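Visitor: Mind looking at a prediction? Sequence and model below.
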Amino acid sequence: MKKFVTAALIPPIGACRYGCGTKCAPPISVFWLFGVIGVVFGLLGGPAGGPGISWGTVLLGLAMWAIAAVWTILTIQGVDQDRCHGMWSPKDHQVKPDAKEIDPFEEIKKAH
């Protein structure tokens, strides 16, 4: 439960801590920061600088925050699947190269 609360409120920390520091953490951080800044900017009047709240900007910020949260949750679930070696785990479905197969990089080295 703690994983999902962290993933929903602060997605970059959830991705780094529970997602094993995957390469998804930097783009998740960008989406989350865009969302936070969008919400704050919208509450201050938005791009038009109006006297009230710019609800469109606030909703855009919340949408970006939601994308970051969902992305983090999917990353955490993927890491958990890999650890448990579930049915969809990519670690269990790798194709091992045959010993008789030639290395394609050897052909490139021969050409140069």
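Guide: Received the coordinates, thanks.

Visitor: contacting residues around the strand or helix carrying Ala8?
Guide: Using DSSP states H and E, Ala8 sits in helix 2-9. Outside helix 2-9, the residues that touch it by C-beta atoms under 8 Å, 6 or more residues apart in numbering are 13-15, 17-18, 69, 72-73, 76. Bear in mind the C-beta positions are built from the backbone N, C-alpha and C, glycine included.

Visitor: which residues touch the next helix or strand after it?
Guide: For helix 2-9, the following helix or strand on the C-terminal side (DSSP H and E) is helix 11-18. Outside of helix 11-18, the residues within contact range by C-beta under 8 Å, 6+ apart are 3, 6-8, 22, 24-25, 28-29, 31-32, 65, 68-69, 71-73, 75-76, 79.

Visitor: Counting only helices, which of those make the cut?
Guide: 3, 6-8, 25, 28-29, 31-32, 65, 68-69, 71-73, 75-76, 79 (DSSP state H).

Visitor: now the angle from the helix holding Ala8 to helix 11-18?
Guide: 150 degrees (axes from the mean of the first three to the mean of the last three C-alpha atoms, to 10 degrees).

Visitor: Could I get the CA-only coordinates of helix 2-9 as PDB?
Guide: C-alpha atoms of helix 2-9 as PDB (Å, rounded to 0.1, in the frame of the first residue of the first chain):
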ATOM      1  CA  LYS A   2       2.900   2.300   0.800                       C
ATOM      2  CA  LYS A   3       4.300   1.800  -2.700                       C
ATOM      3  CA  PHE A   4       1.100   3.000  -4.400                       C
ATOM      4  CA  VAL A   5       0.600   6.000  -2.100                       C
ATOM      5  CA  THR A   6       4.100   7.100  -2.800                       C
ATOM      6  CA  ALA A   7       3.600   6.500  -6.500                       C
ATOM      7  CA  ALA A   8       0.400   8.500  -6.500                       C
ATOM      8  CA  LEU A   9       1.700  11.500  -4.500                       C
END
